[in-house]
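**Student:** sequence first, predicted model second:
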Amino acid sequence: MGNLLLKNGEVLLPNGSVQQLDIVIENNVIMALGHAPLNWQGEVIDCTGKLAIPGFINTHTHAAMTLFRSYADDMLLMDWLKKKIWPAEAKLTGEDVYWGSLLAIAEMLKSGTTAFADMYFFMDDVARAVAETGIRASLARGMAGVAPTGEQALLESESFYTQFNGAADGRISVMLGPHAPYTCPPAYLRKVVAMSEKLGAEVHIHLSETAGEVEDCLKEHGKTPIALMEEVGLLQRGVLAAHCVHVTPDDIQLMAARKVRVAHNPGSNMKLASGIAPVEDMLKAGLCVGLGTDGASSNNNLDMMEELRLAALLQKVNRYDPLVIPAGTAIAMATENGARCLGFEKTGKIEAGYRADITLINMNEPHWYPRHDCSSLLVYAAQGRDVDTVLVDGRILMKNRQLTTIDEERLAHEVQKRAMRLVKQ
Ligand SMILES: N[C@@H](CCSC[C@H]1O[C@@H](n2cnc3c(=O)[nH]cnc32)[C@H](O)[C@@H]1O)C(=O)O
Ligand SMILES: [Zn+2]
């Protein structure tokens with residue numbers, strides 16, 4: 001990979017301050033921040049009027065569910081899954097998942113996301129889309145513990161892990177993805193734990209998303225979903241838990257002791273009326289909380305800029321307290337916490353020695369004036385469309401809003417055709 005100089009941009013630093021600095025990138029890595037070397041020999045991007053931020057990290061999505069965007073809305077989670085989504089998903093092919101994932105990646109890049117965590121199936125095809133487009137991802141084969149497909153999903157997970165963990169020059173990592181306690185009984189989860197021990201793989205799972213899920217779990221097992229996960233040995237394995245909306249103070253203590261990382265999805269939680277996650281309490285307990293969009297059919301977009309704003313606003317109105325989740329905290333959730341959630345080292349910050357996963361934002365728009373505070377502008381005023389240029393591992397994946405690795409026209413045609421076939425009765 002060549003050398004790249006981002007010149008004259010405003011740079012959002014890990015301490016939240018913004019300074020005009022040049023960013024020197026060599027061999028995928030941020031070598032230095034400051035002034036460009038006089039004898040610079042590589043490519044230069046003029047970043048005048050642009051804000052450089054660490055690329056957003058979407059900690060929970062089902063990328064190919066872009067194919068079901070606008071297909072089934074305004075429903076209860078269980079109705080939505082059972083009546084609409086699962087029947088349509090039963091018709092998916094690997095090619096569909098490839099194109100749906102490509103659509104998701106295009107949308108994520110165009111709104112400044114440089115890495116995402118995915119849980120779905122036909123994961124070889126998701127990995128192909130990730131490898132081809134240059135984005136970074138943590139991928140998990142979603143597993144529901146019902147016979148006989150549950151056993152098949154375990155086998156697929158193992159071979160997927162073996163084949164793809166560390167693939168695409170380290171841009172792909174793999175987790176195990178038991179879907180949720182309500183689709184995976186304890187005996188099945190114990191098999192997942194055993195596999196996780198054998199492979200050294202971490203786990204990505206939906207936990208305590210709705211009040212109904214927690215009630216059912218208490219009735220059936222006498223424990224909350226979090227406590228049940230502890231009992232089956234899952235929490236000890238290194239867990240990325242999506243949602244955690246209905247967690248108790250005891251749950252939070254247990255999660256802190258086990259260093260569970262949380263993917264908070266405010267847009268999805270609001271749209272499915274799941275509830276409001278106690279983000280402030282989880283952060284206070286020392287938990288690492290990242291931000292996610294969830295799938296595009298429960299959000300309905302994959303725009304982390306919007307999620308950033310929702311995360312801050314939702315907590316404030318819930319507590320009647322405008323002091324909770326200040327702008328800097330929301331940004332940290334979407335960047336450095338996200339990197340920890342996914343286990344990607346040296347990502348999530350613009351700092352010497354970190355990987356060059358960088359989003360450049362065009363501040364030359366009315367809503368970016370006046371510039372009292374760029375962090376505040378980013379969280380409360382910015383839009384996904386302000387993203388101008390995106391780098392992953394120092395490679396330019398979008399420049400002046402033109403994607404360099406995806407043919408958008410072909411993509412639109414393919415996904416439209418495929419989505420229509422999937423929902424035909
Ligand atoms: N049914 C799959 C495994 C699950 S993959 C991940 C699943 O999560 C589902 N999903 C998407 N969003 C949500 C959510 O918010 N809560 C629970 N499940 C979801 C999605 O429809 C998909 O079926 C199999 O064994 O082949
Ligand atoms: Zn989900």
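**Tutor:** Sure, I can see it. Just so we're clear, the structure is a prediction, and the values are computed from it rather than from any experiment. Ligands and ions are numbered 1, 2, ... in the order given.
**Student:** ok, residue 70 - how many residues close by?
**Tutor:** Using other CB atoms under 10 Å, residue 70 is surrounded by 9 other residues. Any C-beta I mention is one placed from the backbone N, CA and C, and that applies to glycine too.
**Student:** same deal with residue 289?
**Tutor:** If we define neighbours as other CB under 10 Å, then residue 289 has 25 of them.
**Student:** please apply the same query to residue 81.
**Tutor:** 17.
**Student:** check it and give its pLDDT.
**Tutor:** pLDDT for residue 81: 91.
**Student:** any idea whether it is helix, strand or coil?
**Tutor:** Secondary structure, DSSP: H, G, I helix; E, B strand; the rest coil: residue 81 is helix.
**Student:** the helices in the stretch 201-350 of the chain, which residues?
**Tutor:** 211-221, 225-232, 249-257, 266-271, 279-284, 304-319, 327-334, 336-342 (DSSP state H, counting those that start in this stretch).
**Student:** residues contacting the first one, please?
**Tutor:** The one in question is helix 211-221. 78, 180-182, 186, 208, 223-225, 228, 246, 275 (CB atoms under 8 Å, 6 or more residues apart in numbering).
**Student:** just give me how far that helix sits from the chain centre.
**Tutor:** In terms of CA atoms, centre = their mean, to the nearest Å, the centre of helix 211-221 is set 27 Å apart from its chain centre.
**Student:** the second one too?
**Tutor:** Centroid displacement of helix 225-232 relative to its chain, using CA atoms, centre = their mean, is 24 Å.
**Student:** same question, the fourth one
**Tutor:** In terms of CA atoms, centre = their mean, the centre of helix 266-271 is found 14 Å from the chain centre.
**Student:** what's the answer for the third one, then?
**Tutor:** Here helix 249-257 is found 23 Å from its chain centre; the criterion is CA atoms, centre = their mean.
**Student:** was I right about residue 172 contacting residue 129?
**Tutor:** No: the criterion here is CB atoms under 8 Å, and residue 172 misses it with residue 129 at 10.6 Å.
**Student:** ok, the two, which is more surrounded?
**Tutor:** The residue with more neighbours, out of residue 172 and residue 129, is residue 129; 24 against 21, by other CB under 10 Å.
**Student:** for ligand 1, what's the nearest residue on the stretch 1-150 of the chain?
**Tutor:** residue 142 (2.2 Å; CB to the nearest ligand atom).
**Student:** who are the packing partners of the helix or strand containing that residue?
**Tutor:** For residue 142, the host element (DSSP states H and E) is strand 136-143. For strand 136-143, the packing partners by 3 or more CB pairs under 8 Å, 6 or more residues apart in numbering; DSSP states H and E come out as strand 113-120, helix 123-133, helix 149-164, strand 172-178.
**Student:** buried ones in the last one, by neighbour count?
**Tutor:** With burial defined by 16 or more other CB atoms under 10 Å, the residues of strand 172-178 counted as buried are 172-178.
**Student:** and which of those is nearest ligand 1?
**Tutor:** For the buried residues of strand 172-178, the residue nearest ligand 1 by CB to the nearest ligand atom is residue 177; the value is 6.8 Å.
**Student:** enumerate the residues of this protein near ligand 1.
**Tutor:** 62, 77, 81, 85, 89, 119-121, 142-144, 149, 153, 179-180, 206, 209, 268, 294-295, 298 (CB under 6 Å from any ligand atom).
**Student:** that older thread, next, format the helices of the stretch 201-350 of the chain as CSV and append mean neighbour count.
**Tutor:** Below are those laid out as CSV (neighbours: other CB atoms under 10 Å):
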stretch, mean neighbour count
helix 211-221, 15
helix 225-232, 22
helix 249-257, 17
helix 266-271, 22
helix 279-284, 18
helix 304-319, 21
helix 327-334, 23
helix 336-342, 26
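**Student:** how about those in TSV, adding mean pLDDT?
**Tutor:** Below are the helices of the stretch 201-350 of the chain laid out as TSV (pLDDT from 0 to 100):
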stretch	mean pLDDT
helix 211-221	98
helix 225-232	98
helix 249-257	98
helix 266-271	97
helix 279-284	98
helix 304-319	98
helix 327-334	98
helix 336-342	98
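**Student:** still on that earlier bit, buried deepest among the helices and strands packed on strand 136-143, which one?
**Tutor:** Greatest average neighbour count among the helices and strands packed on strand 136-143 goes to strand 113-120 (a mean of 29), per mean count of other CB atoms under 10 Å.
**Student:** so where's the stretch 1-150 of the chain shaky on pLDDT?
**Tutor:** Across the stretch 1-150 of the chain, the ranges flagged by pLDDT under 70 are 1-2.
**Student:** what about the strands in it?
**Tutor:** 4-12, 18-26, 29-34, 43-46, 50-54, 56-61, 113-120, 136-143 (DSSP state E, counting those that start in this stretch).
**Student:** quick one: the third one to strand 18-26, angle?
**Tutor:** Taking axes from the mean of the first three to the mean of the last three CA atoms, to 10 degrees, one finds strand 29-34 and strand 18-26 inclined to each other by 140 degrees.
**Student:** the fifth one too?
**Tutor:** Computed with the same axes, to 10 degrees, the direction of strand 50-54 lies at 70 degrees from that of strand 18-26.
**Student:** CA atoms only for strand 50-54 - export them in CSV, please.
**Tutor:** This file holds the C-alpha atoms of strand 50-54, laid out as CSV (Å, rounded to 0.1, in the frame of the first residue of the first chain):
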residue,chain,number,x,y,z
LYS,A,50,-12.6,18.9,6.3
LEU,A,51,-12.8,17.3,9.7
ALA,A,52,-10.8,14.0,10.1
ILE,A,53,-12.4,11.6,12.6
PRO,A,54,-11.8,7.9,13.3
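**Student:** contacts for it?
**Tutor:** Residues external to strand 50-54 that are found in contact with it (CB under 8 Å, 6+ apart): 6, 9-12, 18, 23, 112, 114, 331, 335-336, 347-350, 354, 357-363, 374, 378, 388-389.
**Student:** OK, contacts around the closest residue to ligand 1 within the stretch 251-400 of the chain?
**Tutor:** Going by CB to the nearest ligand atom, ligand 1 is nearest to residue 295 of the stretch 251-400 of the chain, at 4.6 Å. By CB under 8 Å, 6+ apart, residue 295 lies in contact with 61-63, 65-66, 68, 268.
**Student:** need those residues in JSON lines (columns: distance to residue 195).
**Tutor:** Output for the contacts of residue 295, formatted as JSON lines (distance: CB to CB, whole Å):
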{"residue": "61", "distance to residue 195": "23"}
{"residue": "62", "distance to residue 195": "21"}
{"residue": "63", "distance to residue 195": "23"}
{"residue": "65", "distance to residue 195": "25"}
{"residue": "66", "distance to residue 195": "29"}
{"residue": "68", "distance to residue 195": "29"}
{"residue": "268", "distance to residue 195": "28"}
